[in-house]
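*Asks:* 3D, please:
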Amino acid sequence: MNQYIAAVDQGTTSSRCIVFDHDGRIVSVAQTEHEQIFPRSGWVEHDPETLWTNTREVAALALAKADLPVGSIVAIGITNQRETAVVWDRSTGKPVYNAIVWQDTRTDRLIGELAGSEGVDRYRKTTGLPLSTYFSGPKVRWILDNVEGARAKAEAGQLAFGTVDSWIVWNLTGGIGNGTQEPGVHVTDVTNASRTMLMNLETLQWDPQICADFGIPMSMLPQIRSSSEVYGYSRERGPLAGVPVAGILGDQQAATFGQACLSPGEAKNTYGTGNFLLLNTGTTPVRSEHGLLTTVCYRIGDAPAVYALEGSVAVTGSLVQWLRDNLGIIRTAAEIEDLAATVPDNGGAYFVPAFSGLFAPRWRPDARGVIAGLTRFVNKGHLARAALEATAYQTREVIEAMRADSGVELHTLKVDGGMVANRTLMQFQADILGVPVVRPVVAETTALGAAYAAGLAVGFWEGEDDLRRNWAMGHTWEPALDEAERERLYGEWNKAVERTYDWT
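*Replies:* Numbering: from 1, shown residues only. Predicted coordinates for the structure are as follows:
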């Protein structure tokens, strides 16, 4: 009987299950979107119970579509939206509040309070992160401060916190349990833990002083484990019953692993709801001086942790969704490429989507979005092109910061994620960087990375060389823009970005 790995990818806009074979090829896919909840300006939430229900449904559907028998799935890997926070009651299994999504900015005042006179870098040496609304620790504090009865329950040990991986694994492995079934395991991996602002990068453990400063009882926190080991076994019925849950990676680290960026100096860029560029820096954390994040890239079993520099851009693919849902100038996300192709350039318009402030490398929570350079000449085709180009410009900003921090000169950029299907964007990305952009055969590298982590834990793949052999080049875009024009466009982009400052 053929054997496979199932990867659950619980993302910002949808939940997916993808089944992979030993060659890293897709056997079956199922996906469903979930509601984006916006209670007020700057607030972004998800219903945690919907995330779990959708995860179960897509897993069952993916297996059914390929007619996979019991015993053919040998391990389950989990990858997830990283900084989204869920707090739930251990005895009832019910969330005490909606999941607060990584894009949410409601904790901006709390961030100011925590920064105090020391500023946003107060905890950077310990955590690798600046104080920001982006990360999940401040979101937990907000829930404890604002949900009636939550703090008392937390201090009594009755509440559990987790990023979405913890919530999914806890439910998958048993939830609240019953008389004959053990409760689910409450764990996370080092990559997700490194995005909370609560973990010490050196010790890979929760930092008691930071937890105290944030007002978060440590009894709420999951156990930190490696990215590749057996955490527990699925309690779901059907083909997943008894299957080991054996891999957890935050979505961007999973994509890095799936792209086989396993050696220092190798980098990838994922184009999704936001953009995330990670550079493998090896087993020693590199401290950024240019606005990047120091984060855990992955840890395989008992091996030393591997670290990365990361540049996080908040709004890229979600800008296309905004044009679709808020302005209605396109009916589907795929239509943006055809609309952008109706004009030869941006018509002098620049779109800076600082909807949640600016992330790396600028870290300006006071910024808000602008469209600059408007004239009567500009039409919706120019706006579509400007929206696509915004993704490429923001990526260049991150790459320049990465080069300054690491000294590594980028010669090619490995890309993945939903937006890499947009050839216009990929060509402009190559043009504005001046280096080739390479898409692999299997573009679903986030799910693939989670599958690899789970498969390594159970011996489905023997080691990292197996993963390197599976990577295959799909398409390459070569730069076709002369240097003078490249720098002119980038200079105008920077002028537009500066117009977003000091808005709030």
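
*Asks:* for the residue nearest to Tyr271 when sequence neighbours are not counted, what are its contacts?
*Replies:* Once flanking residues are discounted, Tyr271 sits nearest to Met419: 3.5 Å by Cβ to Cβ, 6 or more residues apart in numbering. Any C-beta I mention is one placed from the backbone N, CA and C, and that applies to glycine too. Contact analysis of Met419 by Cβ atoms under 8 Å, 6 or more residues apart in numbering lists 271-272, 316-317, 320, 391, 425.

*Asks:* which phi and psi does Met419 have?
*Replies:* Here is the backbone geometry of Met419 (degrees, to the nearest 10): phi -80, psi -10.

*Asks:* residue boundaries of the strands in the stretch 351-500 of the chain?
*Replies:* Under the criterion DSSP state E, counting those that start in this stretch, strands of the stretch 351-500 of the chain are mapped to 370-372, 413-416, 437-440, 473-477.

*Asks:* Would you mind saying which of those lies nearest Ala99?
*Replies:* Of all the strands of the stretch 351-500 of the chain, it is strand 413-416 that lies closest to Ala99, at 24.8 Å by Cβ to Cβ.

*Asks:* So which of the contacts of Met419 is the closest to Trp52?
*Replies:* Of the contacts of Met419, the one sitting nearest to Trp52 (Cβ to Cβ) turns out to be Gly272, at 21.2 Å.

*Asks:* hang on, the earlier thing: among the contacts of Met419, name the ones in strands.
*Replies:* Tyr271 (DSSP state E).

*Asks:* buried set for stretch 88-100?
*Replies:* 88, 90, 93, 95-100 (16 or more other Cβ atoms under 10 Å).

*Asks:* Out of the strands of the stretch 351-500 of the chain, which is the most enclosed?
*Replies:* strand 413-416 (a mean of 24; mean count of other Cβ atoms under 10 Å).

*Asks:* Would you mind pulling up the elements that that one packs against?
*Replies:* Judged by 3 or more Cβ pairs under 8 Å, 6 or more residues apart in numbering; DSSP states H and E, strand 413-416 is in contact with strand 267-271, helix 423-433, strand 437-440.

*Asks:* how does it look with 10 Å?
*Replies:* helix 251-258, strand 267-271, strand 275-282, helix 380-406, helix 423-433, strand 437-440, helix 445-457, strand 473-477 (3 or more Cβ pairs under 10 Å, 6 or more residues apart in numbering; DSSP states H and E).

*Asks:* Could you pull up the mean pLDDT of it?
*Replies:* Mean per-residue pLDDT for strand 413-416: 90.

*Asks:* got it, and stretch 183-192?
*Replies:* 95.

*Asks:* for stretch 55-72, same thing?
*Replies:* 90.

*Asks:* ok, now stretch 421-439?
*Replies:* In the prediction, stretch 421-439 has an average pLDDT of 94.

*Asks:* Check the offset of that stretch from the chain's centre.
*Replies:* 21 Å (Cα atoms, centre = their mean, to the nearest Å).

*Asks:* Just the C-alphas of it, formatted as PDB.
*Replies:* Output of stretch 421-439 as PDB, limited to C-alpha atoms (Å, rounded to 0.1, in the frame of the first residue of the first chain):
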ATOM      1  CA  ALA A 421       0.800  32.600 -10.300                       C
ATOM      2  CA  ASN A 422       0.700  36.200 -11.300                       C
ATOM      3  CA  ARG A 423       3.300  36.400 -14.100                       C
ATOM      4  CA  THR A 424       3.100  40.200 -14.300                       C
ATOM      5  CA  LEU A 425       4.000  40.600 -10.600                       C
ATOM      6  CA  MET A 426       6.800  38.000 -10.900                       C
ATOM      7  CA  GLN A 427       8.400  39.800 -13.900                       C
ATOM      8  CA  PHE A 428       8.200  43.200 -12.200                       C
ATOM      9  CA  GLN A 429       9.700  41.600  -9.000                       C
ATOM     10  CA  ALA A 430      12.700  40.400 -11.100                       C
ATOM     11  CA  ASP A 431      12.900  43.800 -12.800                       C
ATOM     12  CA  ILE A 432      12.900  45.900  -9.600                       C
ATOM     13  CA  LEU A 433      15.400  43.600  -7.900                       C
ATOM     14  CA  GLY A 434      17.700  43.000 -10.800                       C
ATOM     15  CA  VAL A 435      18.000  39.300 -10.100                       C
ATOM     16  CA  PRO A 436      16.200  36.200 -11.400                       C
ATOM     17  CA  VAL A 437      13.100  35.100  -9.600                       C
ATOM     18  CA  VAL A 438      12.600  31.300  -9.400                       C
ATOM     19  CA  ARG A 439       9.300  29.400  -8.800                       C
END
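
*Asks:* What about Val58, how many residues nearby?
*Replies:* For Val58, the count of nearby residues is 22 (other Cβ atoms under 10 Å).

*Asks:* shaky segments in this protein?
*Replies:* 1, 179, 238 (pLDDT under 70).

*Asks:* any idea which residue of it is furthest from its center?
*Replies:* Arg376 (38.2 Å; Cα atoms, centre = their mean).

*Asks:* Please save the CA atoms from the helix or strand hosting Glu57 in CSV.
*Replies:* Counting by DSSP states H and E, the element that carries Glu57 is helix 48-65. What follows is helix 48-65, C-alpha atoms only, in CSV (Å, rounded to 0.1, in the frame of the first residue of the first chain):
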residue,chain,number,x,y,z
PRO,A,48,-11.6,29.6,16.6
GLU,A,49,-14.3,27.0,16.5
THR,A,50,-14.8,27.7,12.8
LEU,A,51,-11.1,27.2,12.2
TRP,A,52,-11.2,23.8,13.9
THR,A,53,-14.4,22.7,12.1
ASN,A,54,-13.0,23.7,8.8
THR,A,55,-9.7,21.9,9.5
ARG,A,56,-11.6,18.7,10.2
GLU,A,57,-13.7,19.1,7.0
VAL,A,58,-10.8,19.8,4.7
ALA,A,59,-8.8,16.8,6.1
ALA,A,60,-11.7,14.5,5.5
LEU,A,61,-12.4,15.9,2.0
ALA,A,62,-8.8,15.7,0.9
LEU,A,63,-8.6,12.0,1.9
ALA,A,64,-12.0,11.2,0.3
LYS,A,65,-11.1,12.9,-3.0
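
*Asks:* Okay, buried residues for that helix please.
*Replies:* Buried positions in helix 48-65, judged by neighbour count with 16+ other Cβ under 10 Å: 48-52, 54-56, 58-63.
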